[in-house]
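1. Let's see this in three dimensions:
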Amino acid sequence: AQTADPAAPLGRGWVLERCAFLENGLDTDDHSCIYAYGNDVAVTGCSFANQEPFSLTGVNTAYEVHGSRQTIRDCSFANMLRGIWVASNYSTVTQGTLIEGNRFGTLFYGVDFFHDRAQARDIVDTTISNNRFQLDDSRIAALPRLDLKAAVQVASEYAQRRIRISGNTIAKTGHAV
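-> Down below sits the predicted model:
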């Protein structure tokens, strides 16, 4: 689900359990496995993986949060640029996101925040806890835009509020700048 229409209602009540999203986006540089334009979404035990690390194609972002009360728990993310984007939408506040107990094997960011337009609604009350972040650039050639790596990045043009980060671990392998 994806739209820029502020009048479009968000979906509601999505449940994704034990799904595998494998070898996605190999024909594009901007692929997201799930664009969750919805409220009350539960994603548990899902796997997002490509055999080869993102280079100029593949999974850019595995999962995009664009609504309230979304839980992403016990999932794994392997060989994509970014695991989760916590983002705004045009009709309601994005609030109450829980990202917990996941395993991130990403190249660039584990969790990233995206709010780039003043007319988009706020992002509030995000909890990122008990995740394992493993950033690994050891198997890729240097990418032109791969110049910053972070388990969690909060750096979009418009602010987010009340972010709680606790109990996470991070490791980095490789040596690309």
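
2. tell me which residues in stretch 150-162 are buried?
-> For stretch 150-162, a neighbour-count test (16 or more other CB atoms under 10 Å) marks 151, 152, 153, 154, 156, 158, 160 as buried. All C-beta atoms are positioned from the backbone trio N, CA, C, and that covers glycine.

3. so what's the first one up against?
-> If I follow you right, that is residue 151. Listed by CB atoms under 8 Å, 6 or more residues apart in numbering, the contact partners of residue 151 are 104, 109, 110, 111, 131, 133, 135, 168, 170.

4. which one is it nearest to, not counting chain neighbours?
-> Closest residue to residue 151 apart from its sequence neighbours, by CB to CB, 6 or more residues apart in numbering: residue 133 at 3.9 Å.

5. Please tell me I have it right and the one you found contacts residue 99.
-> No. With contact defined as CB atoms under 8 Å, residue 133 does not count as touching residue 99 (11.0 Å).

6. In space, not sequence, find me the middle residue of this structure.
-> The residue lying closest to the centre of the chain (CA atoms, centre = their mean) is residue 84, at 0.8 Å.

7. secondary structure element for that one?
-> Per DSSP states H and E, residue 84 falls inside strand 82-87.

8. and the helix or strand following that strand, what other elements does it pack with?
-> Later in the chain than strand 82-87, the nearest helix or strand by DSSP H and E is strand 94-100. Here strand 94-100 touches strand 70-73, strand 82-87, strand 123-129, going by 3 or more CB pairs under 8 Å, 6 or more residues apart in numbering; DSSP states H and E.

9. partners of residue 152 in the sheet?
-> residue 111 (DSSP bridges).

10. What residues of stretch 68-79 count as buried?
-> Across stretch 68-79, burial judged by 16+ other CB under 10 Å covers 68, 69, 70, 71, 72, 73, 75, 76, 77, 78, 79.
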